[in-house]
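[1] Just need the structure, nothing else, for what follows:
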Amino acid sequence: MLTGTARGRQAIRHHWSLDPSVIFLNHGSFGACPIPVLQHQSALRARMERQPVQFFVRDLEGLLDDARKEFGRFLSTAPENLAWVPNATSAVNAVLRSLEFRAGDELLTTNHEYNACRNVLEYVAARSGARVVVAPVPFPLIHPAQVMEAVISRVTRRTRLALLDHVTSQTALVLPIRELVSELADRGVETLVDGAHAPGMLDLNVESVGAGWYTGNCHKWLCAPKGAAFLYTRPDLQESTRPAVISHGANSPRTDRSRYLIEFDWTGTDDPTPMLCVPEAIRFMGNLMPGGWAAVRSNNHQMAIRGRDVLCSALDVDPPCPDEMIGSLASVPLPDGAGAISKSPLYADPLQDELLEKFRIEVPVIPWPAPPKRLIRVSGQVYNRDGDYEELGRALRSLLA
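    Reported below is the predicted structural model:
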């Protein structure tokens, strides 16, 4: 007989179209959008296709503003500080390619930075003669102070910008971002925060972070459709921050709104419905549990902790970080792999394929810091149950015996 909690999770699972034959423990990579939010998107797409000129020329700006206003309340910032972008990588491109660096400048990041965004940093550094400085943050680690020490110790008088994760992708660490930004600001260093995982995972007030720029995805823990993300830019930096794609707004004569919004809101014909669905995703997820978003975040955090503990027991390893540095994701080191180079840029360790093929478990196995070293990372989302992690533990013991 199902317990009340189990029945509740089973009912919640029905809101997603996830394959029922797969134990899905990889919400963190691409998210998973609930059926009611997808239905809302379908209605918006039907409206768009019914009269495309009306939708794009006359209606879209107001629709984007309405969605931005609701999202601004969720992030505790004025809507005019938020630009819509398709994903966090696009926002990182926009910011870094808006800035001008000189030979000898230093751009600071960590060895945990997401590869796509690290590549942008390397690109702009090579173009200008600047240098990327990588702070080696340990993993496993025992205290957030180790992150502070690693990053701040690499600051010099040449440091011009820091690109830092709020939640690291590979190692799933919630970094002490407010403290980092504050210490860097005291040393005259501006910060771009890659908060791809933070919206919906953490209680996020973007202004209180204090960074010049903050970007996050909405398709992950907010559960909006793919193609929705945001870039927060502090007001004093908006005039000089340009989108990665320059379009009509670059020479618009309009003065009724900021150049920042004019340029970012139109970069060419695309499907804007993912951004327009963000308020619906916020409402839907916030109504799933008594207690609203705070309950969802707490549930997912506890699921990630329990999943990590199951993995540590199965692999006979200690927890690699304190609970306070975990959000809705948790990574645990695995025994070394074969070290083969994957054809996919999005990881495809043979163990990941084996887990899916033999046990119907979808979970990422991530090369870090470099092959043959690797991690396994579990997600905790409202549709997961404790048994999912227990089955993964048994599968790992079988495959790694």
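[2] Could you pull up the residues touching residue 391?
    Applying CB atoms under 8 Å, 6 or more residues apart in numbering, we find residue 391 in contact with 23, 359, 361. (Each C-beta comes from the backbone N, C-alpha and C, glycine too.)
[3] would CSV of these with pLDDT and secondary structure be doable?
    Listed next are the contacts of residue 391 as CSV, based on pLDDT from 0 to 100; DSSP: H, G, I helix; E, B strand; the rest coil:
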residue, pLDDT, secondary structure
23, 98, strand
359, 98, helix
361, 98, strand
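[4] Just give me the closest of those to residue 283.
    residue 23 (28.0 Å; CB to CB).
[5] pretty sure that closest one contacts residue 388?
    Yes. Residue 23 lies in contact with residue 388 (CB atoms under 8 Å); the separation is 4.8 Å.
[6] shared neighbours, these two?
    Shared contacts of residue 23 and residue 388, counting by CB under 8 Å, 6+ apart, come down to residue 361.
[7] re earlier: make TSV from the contacts of residue 391 and add neighbour count to it.
    TSV is the format used below for the contacts of residue 391 (neighbours: other CB atoms under 10 Å):
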residue	neighbour count
23	23
359	18
361	23
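[8] Of those residues, just say which sits nearest to residue 161.
    Proximity of those to residue 161 (CB to CB) peaks at residue 361, which lies at 39.8 Å.
[9] if we can go back for a sec, could the contacts of residue 391 be laid out in JSON lines, adding distance to residue 248?
    Listed next are those as JSON lines, based on distance: CB to CB, whole Å:
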{"residue": "23", "distance to residue 248": "47"}
{"residue": "359", "distance to residue 248": "51"}
{"residue": "361", "distance to residue 248": "47"}
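[10] what's the neighbour count on residue 156?
    11 (other CB atoms under 10 Å).
[11] Not counting sequence-adjacent ones, nearest residue to it?
    residue 106 (6.2 Å; CB to CB, 6 or more residues apart in numbering).
[12] Got the confidence number for the one you found?
    According to the prediction, residue 106 has pLDDT 98.
[13] can you check residue 338 too?
    83.
[14] Verify the stated contact: it with residue 365.
    No. In this structure, residue 338 is not within contact of residue 365 by CB under 8 Å, at 11.5 Å.
[15] Same drill for those two, tell me which one is more crowded.
    Applying other CB under 10 Å to residue 338 and residue 365 shows that residue 365 carries more neighbours, namely 20 against 10.
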